[in-house]
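this is a predicted model, with the sequence first.
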Amino acid sequence: VSPGRCWSFKGHQGQVVIRLPARVHLTAITVQHITKDVSPSGTVISAPKDITVFVSLLGNSVDADGKEECLLGTFTYHVEKEPMQTFPLKNVLRPRAFSYVKLLVRSNWGNPWYTCIYRVQVHGRMENQTD
């Protein structure tokens, strides 16, 4: 992870849908940004702040309510904490496995022009993996 080598989007809101290499029983998600120490500007105002995570039900069939995605959690990435922060996901959908995760950034730490995400990691167990 180095300054400027991130996925960036215009403004303070954006989203990304991640296709997983296999169907996964999801347990947590990790988000990473650079620290103030390595930032050329000395700030991390482009870091995501409020994040919502969904799973896509497409390809897994639409749920009983006719929704195409389901909320797994809403989190706040804190720039004063460790650069890699892991957030546990709701387990209401277990034992279902999913192929797509949607990360929705609702706000950042003050940059009006863009938001950067350096790394997203999805944690869980592959559908055909035994314990």
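Cool, the structure landed.

which element is Gln15 on?
Assigned by DSSP states H and E, Gln15 belongs to strand 14-32.

go on, Phe87?
Going by DSSP H and E, Phe87 is part of strand 84-88.

nearest residue to the middle of this structure?
Nearest to the mean C-alpha position of the chain, by Cα atoms, centre = their mean, lies Leu103 at 4.1 Å.

ok, and the closest non-adjacent residue to it?
Nearest residue to Leu103 in three dimensions, chain neighbours excluded: Val16, at 5.2 Å (Cβ to Cβ, 6 or more residues apart in numbering). C-beta coordinates here come from the backbone N, C-alpha and C atoms, glycine included.

burial measure for the one you found, as a count.
13 (other Cβ atoms under 10 Å).

from what I can see it touches Trp7, true?
Yes. Look at Val16 against Trp7 with Cβ atoms under 8 Å: they come within range, at 6.7 Å.

what do those two both touch?
Here Val16 and Trp7 share the contacting residues Ile117, scored by Cβ atoms under 8 Å, 6 or more residues apart in numbering.

what packs against the helix or strand following the strand holding Phe87?
Reading on from strand 84-88 to the C-terminus, the next helix or strand found by DSSP H and E is strand 98-105. Applying 3 or more Cβ pairs under 8 Å, 6 or more residues apart in numbering; DSSP states H and E, one finds that strand 98-105 contacts strand 14-32, strand 50-56, strand 114-117.
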